[in-house]
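Chemist: Test case, fold it:
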Amino acid sequence: RCVPESQRSFAMGVKWVFMRFLGTVLGPAVYGYLFDDACLIWQESCGERGSCWIYDGDTLAWNLIAISVAVKFVGCVSFALSLFIYKPPHTGESGELAPQPSPSEGGYANPALDEDDSKL
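Modeler: Okay, here's the model as predicted:
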């Protein structure tokens, strides 16, 4: 609705790349950091830190609530901004939407698609 028809597929591609990046790269990294932050006792093996043995339940709960509230807040702010920034399409006097140009207008003529078979 807010992207011109000629750029619709590009906008969908950008949206999915952005969503996949947030969901598959940043999401697990942030939640992993929050779990590591709540660890009380780490396994030590050959002088290197291994997996966590005991988590602090209160810290883990507060970390998860904090990240959930922060993500929800960003979503609400983004939604509110979109309400103020979005400009609906112009309507005519009768309340109908103004005619939009067809995506095929301004394209190239293709004789193979003409109905007259004599040009082939």
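Chemist: Low-confidence stretches in the protein?
Modeler: For the chain, the stretches with pLDDT under 70 are 1, 89, 91-120.
Chemist: In the longest helix seen in it, which residues are buried?
Modeler: Longest helix of the chain, by residue count under DSSP state H: helix 57-85. Judged by neighbour count (16 or more other CB atoms under 10 Å), helix 57-85 contains these buried residues: Asn63. Every residue, glycine included, has its C-beta placed from N, CA and C.
Chemist: Quick one: distance of that helix to the chain centre.
Modeler: In terms of CA atoms, centre = their mean, to the nearest Å, the centre of helix 57-85 is found 15 Å from the chain centre.
Chemist: who does it touch, helix- and strand-wise?
Modeler: Using 3 or more CB pairs under 8 Å, 6 or more residues apart in numbering; DSSP states H and E, the elements in contact with helix 57-85 are helix 27-37.
Chemist: Mind giving me the packing neighbours of the helix it packs on?
Modeler: Contacting helix 27-37 under the criterion 3+ CB pairs under 8 Å, 6+ apart are the following elements: strand 48-55, helix 57-85.
Chemist: If we go by neighbour counts, what in the shortest one is buried?
Modeler: The neighbour-count criterion (16+ other CB under 10 Å) identifies Tyr55 as the buried residues of strand 48-55.
Chemist: any idea how far the residue nearest the centre of the chain lies from Val74?
Modeler: In the chain, the C-alpha closest to the average C-alpha coordinate belongs to Met19, at a distance of 3.7 Å (CA atoms, centre = their mean). Distance, Met19 to Val74, using CB to CB, to the nearest Å: 14 Å.
Chemist: cool, Leu60 as well?
Modeler: 22 Å.
Chemist: now do Leu83
Modeler: Distance from Leu83 to Val74, counting by CB to CB: 15 Å.
Chemist: now do Cys52
Modeler: Between Cys52 and Val74 the computed distance is 28 Å (CB to CB).
Chemist: Ok, His90 next?
Modeler: Computed as CB to CB, the His90 to Val74 distance reads 31 Å.
Chemist: Ok, Lys15 next?
Modeler: To Val74, Lys15 is 16 Å away according to CB to CB.
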